[in-house]
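# Compute the structure for the input listed below.
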Amino acid sequence: MAKHWKTPLRLYLTGRLTGELGDRRFDERRLPGRQGRRALVYLALERARPVPIDELADAVWGTATPSGAWETALSAIVSKLRAALRGLDPRCTVTTAAGCYQLALPPGAWVDVEAARRALDEAEGHARVGRLRDAWGPANVAASIAARPLLGGLDTEWIGRARATLRETRVRALECLAAVASANAEHPLAAQLAREVVELEPFRETGWQRLMRALAAAGNRAEAVRAYARCKKLLADELGVAPAPETEAALAALRDSATRRKGSRE
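Numbers count the residues shown, from 1 in each chain. Just a heads-up that it's a prediction; the model follows:
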């Protein structure tokens, strides 16, 4: 009789490359070096499709693909991946067919980067219809996963693209969290989250706009105006453009609010 696992297999591509199933575990030390880490992460990121052998070789070695019997070297790496995965769960493997490799995981398997994307979709869905309280949990999940490093110490073009996708996930999740904090009148927290957005993506004006509004709501209108000035200078110095109308509108709202407050005191 087949054994029914009580918990799903969990595969962490961010942070330390790790797989878990109940009390079973493997980490990157069981993989064949840097090449093994690159191969597993690439196959996991592309697990919805068969990956041609030469494409996987490019992902593993890039321009340093060994001459001669590179297919044999890649086959040896994949064999070691299979052994490490099957030690965790015999249903895990890397299949080979028609000159392609494909990572096969058991039904219900959990992969962290996929979980981050799903959580972000859920959070943004809640936010779009005004269910901000429901957005807090999944947005935290997405932001936490996406904050972890991917293949630390390794740099290739495809790794850079994957990191950029994670950064975008984190930024959007932080924007959701900032929206929730603002709706809860937790304005200092909203400002802190907006600052993280600005640090990650300084040319993303929605982050500056949210930061300006959060600072003003917290009673720091002068700091909000300074945030606008920093945004304007950055855009002018680096891109030669002016702030977007939405950013100018956020500044105008700050000034209108200050004028009304002054008028009410007179």
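# List the neighbours of the host helix or strand of residue 79 that are in contact with it.
Under the criterion of DSSP states H and E, residue 79 resides in helix 70-88. Applying C-beta atoms under 8 Å, 6 or more residues apart in numbering, the contact partners of helix 70-88 are 9, 19-21, 24-26, 30-32, 35-36, 39-40, 43, 53, 56-57, 60-61, 66, 92-94, 96, 101. In this view, the C-beta of every residue, glycine as well, is placed from N, C-alpha and C.
# Give me the helices and strands touching the strand or helix carrying residue 207, please.
Per DSSP H and E, residue 207 falls inside helix 205-217. Contact partners of helix 205-217 among helices and strands, from 3 or more C-beta pairs under 8 Å, 6 or more residues apart in numbering; DSSP states H and E: helix 157-183, helix 187-200, helix 221-239, helix 245-265.
# again, only using 6 Å
For helix 205-217, the packing partners by 3 or more C-beta pairs under 6 Å, 6 or more residues apart in numbering; DSSP states H and E come out as helix 187-200, helix 221-239, helix 245-265.
# Nearest approach to residue 157 belongs to which of the ones you listed?
Among these, helix 187-200 comes nearest to residue 157, with 20.7 Å by C-beta to C-beta.
# Now do the buried residues in the closest one.
Judged by neighbour count (16 or more other C-beta atoms under 10 Å), helix 187-200 contains these buried residues: 187, 189, 190, 191, 192, 193, 194, 195, 196, 197, 198, 200.
# now the angle from it to helix 221-239?
Here helix 187-200 points in a direction 10 degrees away from that of helix 221-239 (axes from the mean of the first three to the mean of the last three C-alpha atoms, to 10 degrees).
# From the contact counts, what lies against helix 187-200?
Short answer (3+ C-beta pairs under 6 Å, 6+ apart): helix 187-200 packs on helix 157-183, helix 205-217.
# contacting residues around that helix?
For helix 187-200, contacts defined as C-beta atoms under 6 Å, 6 or more residues apart in numbering pick out 171, 174-175, 177-178, 181-182, 207, 210-211, 214-215, 217-218.
# got any ranges where the stretch 51-200 of the chain has weak pLDDT?
65, 67-68 (pLDDT under 70).
# could you redo the last one with a cut-off of 90?
The stretch 51-200 of the chain contains residues with pLDDT under 90 at 62-71, 87-88, 153, 155.
# is it fair to say residue 95 lies in a strand?
Yes. Assessed with DSSP: H, G, I helix; E, B strand; the rest coil, residue 95 lies in a strand.
# And the helix or strand harbouring residue 126, what does it pack against?
Using DSSP H and E, residue 126 sits in helix 112-128. If contacts are counted by 3+ C-beta pairs under 6 Å, 6+ apart, helix 112-128 sits against helix 132-146, helix 157-183.
# Of all these, which one comes closest to residue 255?
helix 157-183 (19.9 Å).
# Give me the angle between that closest one and helix 132-146.
150 degrees.
# Find the centremost residue of the protein, please.
Centroid-nearest residue in the chain, with C-alpha atoms, centre = their mean: residue 166, separated by 2.3 Å.
# Make sure that one is actually in contact with residue 145.
No. Applying C-beta atoms under 6 Å as the test, residue 166 and residue 145 come out as separate, 8.0 Å apart.
# Show me just the buried residues among the contacts of helix 187-200.
Neighbour counting with 16+ other C-beta under 10 Å marks 171, 174-175, 177-178, 181-182, 207, 210-211, 214-215, 217-218 as buried within those.
# Need those residues in CSV (columns: distance to residue 137).
Conversion of those to CSV gives the following (distance: C-beta to C-beta, whole Å):
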residue, distance to residue 137
171, 18
174, 14
175, 16
177, 10
178, 15
181, 14
182, 17
207, 22
210, 20
211, 24
214, 21
215, 26
217, 23
218, 24
